[in-house]
Structures are given as structure tokens and as C-alpha cells.
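Chemist: just a sequence and a predicted model for now, questions to come.
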Amino acid sequence: MNAVILVAAMALTTAALRFLPFLLFAKKTPPFVVYLGKVLPAALIGMLVVYCLKDVQIASAPHGLPELIAGAAVALLQAWKRNSLLSILAGTLLYMVLVQTVF
């Protein structure tokens, strides 16, 4: 019973946090929130790239080649198709194929 109450409380809290911005900014979105909406996605992607590449060993084989190839594929596919989901999925699949079969 305690687990049910805990899950319900977490679900209600999550839903409230999701709906709260729409209730607070129903009339006009503050300029600061609009600014954050523009700059945060790029900042988060940059942080994820740094996090993913932080442990790459350039001095030892395979010298970061799978990461470089997959990263280049993501960048080129994103520039070509402008579809983030497609780019990330294709890059992830390419990286996994390279690591499992080639390197």
C-alpha cells in the first residue's frame, strides 16, 4: 500500500511540475524563459558531447576513431537532414557497429 501511495505522489508531483509553467505563463512568457528555451538545447548537447568524449584514449588503439567517425556522421547527417532524432540514432548505431565489428 505504501508503494502505491508513493508512486501516486510522485506521479502527481511530476504532472504538477509539467503543468505549472503553462499555468504561470498563460498570458505571456517572460523574456528570460524565451532566452533559456533558445540557448539551453545547444548547451545541453555540448555538455553531452563533452561527457561522451571525456574517456576517449587518443594514445591507445583505436585512437578514438569510432567516436570520430560516428560524431562526423552525426554532424553531417544533421546538416543534411536537420532531424536530431535521425542523426543521433544513426550515429549511435554506427558507433555500436564500429565498436562491435570493426575496432
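Modeler: Great, that's in hand. Numbers count the residues shown, from 1 in each chain.

Chemist: quickly list the domain ranges of this protein.
Modeler: Domain ranges of the chain: 1-55, 57-103, per automatic domain parsing.

Chemist: possible to save those as CSV with mean pLDDT and mean neighbour count?
Modeler: All C-beta spots, glycine's among them, are computed from the backbone N, C-alpha and C. Rendered in CSV, the data for these read as follows (pLDDT from 0 to 100; neighbours: other Cβ atoms under 10 Å):
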stretch, mean pLDDT, mean neighbour count
domain 1-55, 91, 10
domain 57-103, 93, 14
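
Chemist: so how far is I45 from G91?
Modeler: Noted for G91: a distance of 12 Å to I45, by Cβ to Cβ, to the nearest Å.

Chemist: just give me how far the one helix or strand L23 maps to sits from the chain centre.
Modeler: When elements are defined using DSSP states H and E, L23 is found to belong to helix 2-24. Averaging C-alpha coordinates over helix 2-24 and over its chain gives two centres that are 23 Å apart (Cα atoms, centre = their mean, to the nearest Å).

Chemist: contacts for the helix or strand following that helix?
Modeler: The first helix or strand that comes after helix 2-24 along the chain, using DSSP H and E, is helix 31-53. If you take Cβ atoms under 8 Å, 6 or more residues apart in numbering as the criterion, helix 31-53 is touched by P21, F25, G64, E67, G71.
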